[in-house]
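> I would like to see how this sequence folds:
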Amino acid sequence: MTGWLFYTPEGASRNRTFIDFWMTAAAKRGVRMELHMTGDPFPAEKPDFAVVRAMDPAFSLRLEQMGVPVFNPASVSEVCNDKWKTYCLASSLGIPFPKTSYVPDPAVLPAAPFPYVLKACGGHGGTQVYLVHDEQEARSASKALKGVPCVLQEPVSDLGRDVRVYILGDRILAAMLRISDGDFRSNFCLGGRAVPYTLSGEEIEMVRAFQSALPFGLAGIDFLFHEGKAVFNEIEDVVGCRMLYTHTAIRPVELYLDWILQRLENL
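Predicted coordinates:
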């Protein structure tokens, strides 16, 4: 059995350890795992499956149209790599999230009271996110994101604190509380601290609602806190797993590959 693992060149250079985990896990299971870049031509012989670790739904769809099972599928990539589409999904599921509006191009910002959060729809890992307090910061954020579709949100009450829930198919693998002492963003890759977190029944119900709506493989669902309650923030299709390897005994690559192989057996 052959699998293709796709990254962008930049993503591959930043994730060598994670790629090595894939190669080791695949070899132990008798799977030939090949690393490819998204811009490279496809080999002549198509694989049994592909894992796409790039935020490119059109690329995933191209593989699917070739008859290749893709994880995560293009339908997940399309929704979860566009924050506005993700909030539209959350709204349809009745899941609470901060008051949000769509900004096609922040070069022309709608009238909004300060403070607010401006995020690129396609941002990832805490990038292209600005907390705006005044006109000067508004101009700076607008200039930085000019031409980039964005969402504008009211800030939550508890900045610098959120929860990431790791899911695999219909399972919840773990939840991690992320805390930052010096930034309104609590991303682990930006220096935030992380500890295991026990989900409430209400939080589990929100996760289950998303799981019922999309055909997830491995993903992360993030929640913020507002006035003591969790509210939805975003879904990470190409979810980072450093927190799990650092703070738990969970090995997501091995679990994911076993889950993929089982799915293929049932096709």
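> point out where the protein drops to low pLDDT.
The chain contains residues with pLDDT under 70 at 181-192.
> quick one: the helices in it, in order.
Per DSSP state H, the chain carries helices over the ranges 9-14, 16-28, 57-65, 74-80, 83-93, 135-144, 201-213, 242-247, 252-265.
> relative to residue 179, tell me which of those helices wins on proximity.
helix 242-247 (11.8 Å; Cβ to Cβ). Glycine gets a C-beta too; all of them are placed from N, C-alpha and C.
> go through the closest one and flag the buried ones.
Across helix 242-247, burial judged by 16 or more other Cβ atoms under 10 Å covers 243, 244, 245.
> the helices of the chain: which one's closest to residue 221?
Among the helices of the chain, if distance is taken as Cβ to Cβ, the winner is helix 201-213, at 5.7 Å.
> what's the most buried one of the helices of the chain?
Highest mean neighbour count of those: helix 74-80, a mean of 20 (counted as mean count of other Cβ atoms under 10 Å).
> gap between that one and the chain center?
Remark: helix 74-80 is offset 10 Å from the chain centroid, using Cα atoms, centre = their mean, to the nearest Å.
> and that helix, what does it pack onto?
Contacts defined by 3 or more Cβ pairs under 8 Å, 6 or more residues apart in numbering; DSSP states H and E place helix 74-80 against helix 57-65, helix 83-93, strand 229-236.
> dump the ones you listed to CSV, plus distance to residue 249.
Putting the helices and strands packed on helix 74-80 into CSV (distance: least, Cβ to Cβ, whole Å) gives the following:
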stretch, distance to residue 249
helix 57-65, 31
helix 83-93, 30
strand 229-236, 21
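> and the buried residues of helix 242-247 as TSV, adding distance to residue 259?
Output for the buried residues of helix 242-247, formatted as TSV (distance: Cβ to Cβ, whole Å):
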residue	distance to residue 259
243	19
244	15
245	18
